[in-house]
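> Have a look; sequence and predicted model below, questions after that.
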Amino acid sequence: VALGLDDFDGTVGGNISGTADLAPLDQQAAMLNELFPDAKNIGLLYCSAEANSQYQVDTVKAELEKLGYTCEYYAFSDSNDLSSVATTATDASDVIYVPTDNTVASNTEIINNICLPAKVPVITGEEGICSGCGVATLSISYYDLGVTTGKMAVKILKDGEDISTMPIEYAPNFTKEYNKDICEELGIEVPDDYVAIGEAAEETAK
């Protein structure tokens, strides 16, 4: 997205390939709908300086609007204005969605200190952010992604594959995870196929 590649087919070209930590955005929108079917206004909170975040919220917005939600962008330029923008988003939203965003990941406490007292749930793009301020996420396993990346490296270094022809790969598995503490505080009951974040990490370690 940041490079402005048109008609991206999965192969970057040149001496570049690798893995992406992007989870299925349509399924994240479906997760929000599963947990909060009666919500109406969704706030999309993200850092405008991150092209990857803009792509994610644009995609999720389109999916949520198909499901009948009204969505509003709440973009902050850096951590200095996150608090004020998050407060505005919280005041106007039934649910907030935050993508896999580096600035958010470094400042989840700010978001949690605003959203939790206001009892506005946050759906997040990945596990780390969810553990800090979210109620649920459809997350990749970064361990699994590391294994996938390592296998790509073997193909290049050992098998002699041409990196310029190797398409970007994604994590092989996605898990519905929830933040037990925040869900309990907000009185949110999650379906049986959701795994508590700490328990998901324990399963990966095994």
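On my side now, so go ahead. Residues are numbered from 1 along each chain as shown.
> Only C-alpha atoms from now on, for both contacts and neighbour counts.
Fine.
> quick one: the helices in this structure?
25-35, 51-66, 82-92, 102-105, 108-118, 127-133, 142-157, 180-186, 197-205 (DSSP state H).
> So which of these is nearest residue 17?
Proximity to residue 17, assessed across the helices of the chain by C-alpha to C-alpha, is greatest for helix 142-157 (8.9 Å).
> Which secondary structure elements does that closest one sit against?
Applying 3 or more C-alpha pairs under 8 Å, 6 or more residues apart in numbering; DSSP states H and E, one finds that helix 142-157 contacts strand 19-20, strand 169-170.
> Quick check: which of those is buried the most?
strand 169-170 (a mean of 18; mean count of other C-alpha atoms under 10 Å).
> doesn't residue 112 make contact with residue 133?
Yes - here residue 133 reaches residue 112: they are 4.6 Å apart, a contact under C-alpha atoms under 8 Å.
> more crowded one of those two?
residue 133 (27 against 21; other C-alpha atoms under 10 Å).
> for that one, what are its contacts?
Listed by C-alpha atoms under 8 Å, 6 or more residues apart in numbering, the contact set of residue 133 reads 108, 109, 111, 112, 116, 122, 182.
> measure the fifth one to residue 186 for me?
It refers to residue 116. 8 Å (C-alpha to C-alpha, to the nearest Å).
> which stretches of the protein aren't confidently modelled?
Applying pLDDT under 70 to the chain flags the ranges 1-9, 200-206.
> Contacts only, for the spatially most central residue of it.
The chain has residue 125 as the residue nearest its centroid, 1.1 Å off, counting by C-alpha atoms, centre = their mean. If you count contacts by C-alpha under 8 Å, 6+ apart, residue 125 has them with 23, 28, 97, 98, 99, 100, 101, 137, 138, 139.
> among these, who's most crowded?
residue 137 leads the contacts of residue 125 on contacts (other C-alpha under 10 Å) with 32 neighbours.
> you'd agree that one is up against residue 177?
Yes - between residue 137 and residue 177 a contact is recorded at 5.4 Å, counting by C-alpha under 8 Å.
> so what sits against both of those two?
Joint contacts of residue 137 and residue 177 (C-alpha under 8 Å, 6+ apart) are residue 127.
> give the contact list for residue 68.
Contacts for residue 68 were tallied using C-alpha under 8 Å, 6+ apart; they are residue 40.
> distance of it from residue 33?
10 Å.
> Name the residues contacting each of the two.
Common neighbours of residue 68 and residue 33, counting by C-alpha under 8 Å, 6+ apart, are absent.
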